[in-house]
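[1] any chance you can model this:
(2 chains)
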Amino acid sequence: KNEVEQSPQNLTAQEGEFITINCSYSVGISALHWLQQHPGGGIVSLFMLSSGKKKHGRLIATINIQEKHSSLHITASHPRDSAVYICAVPRVGIKRNQFYFGTGTSLTVIP
Amino acid sequence: NAGVTQTPKFQVLKTGQSMTLQCAQDMNHNSMYWYRQDPGMGLRLIYYSASEGTTDKGEVPNGYNVSRLNKREFSLRLESAAPSQTSVYFCASSEASTGLAKNIQYFGAGTRLSVL
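    You can find the predicted model right below:
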């Protein structure tokens, strides 16, 4: 049983397309994190959100707590957006510093 | 700022050899983590340290040991490497145990380990 499910697993888009990556989770959460893993392997935190929507440049993250669902949108996609995008939710209780991770969505943006 | 520094970046071992992966952070973070990443499985927690002097097992601790040497450093040791430990290993740190913003994790660049 996976507490965090992402879809799609792989995504190929043409440059300029609007992209949506989905994350569903089955546990109660305080916040949800979106991470980006570059082709070289480095992982960076993009967003942490507990409600509503956050925007950073061309990236928009939304969350619906009632539906236990989050989406990451990329507007006007560019080849440099090619990466693996990972959804993560903290565990609860004494293990709240630990995370459930999705398996990631591999995005390729073609020029 | 260096952030989280992991060494080495690449390593090839023979079955049965031992090695230590080093991790250091310069952000004065309390919590540190070791993960492994395998294709199709996402990040899995090996060990976790909430603060200097404390360590806890994660999902996949078998075959590994850790040391939280001080607040900055958290090392991962493979005493007798096995092919099943071929993976990419990431160290991460976060500021504190309370407060949402302090739960953001900062990752090292990763170590690609092959065990033959």
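[2] could you pull out the strands for chain B?
    Per DSSP state E, chain B carries strands over the ranges B:4-7, B:10-13, B:19-25, B:31-38, B:42-49, B:56-57, B:64-68, B:74-78, B:87-94, B:106-107, B:111-115.
[3] check the gap between the residue most central in space within chain B and A:F18 for me.
    Taking C-alpha atoms, centre = their mean, the centroid of chain B lies closest to B:W34, which sits 2.4 Å from it. Noted for B:W34: a distance of 37 Å to A:F18, by C-beta to C-beta, to the nearest Å. Where C-beta positions appear, they are placed from N, C-alpha and C, glycine not excepted.
[4] repeat that for A:Q9.
    For A:Q9, the distance to A:F18 - C-beta to C-beta - is 19 Å.
[5] write out the residues of chain B neighbouring chain A.
    Where chain B comes near chain A, counting by C-beta under 8 Å from any C-beta of the partner chain, the residues are B:31, B:33, B:40-45, B:48, B:50, B:58, B:88, B:90, B:92, B:94, B:97, B:100-101, B:103-107, B:109-110, B:112.
[6] ok, back up a step: who's the residue nearest to the centre of chain B bridged to?
    Going by DSSP bridges, B:W34 is paired in beta bridges with B:Y47, B:C91.
[7] enumerate every residue touching it.
    B:21, B:23, B:45-48, B:58, B:64, B:66, B:74, B:76, B:89-91 (C-beta atoms under 8 Å, 6 or more residues apart in numbering or on different chains).
[8] just for the chain, where's the confidence low?
    Since no chain was named, I'll use chain A. Applying pLDDT under 70 to chain A picks out residues A:1.
[9] the chain in question should be chain B.
    B:1, B:96-102.
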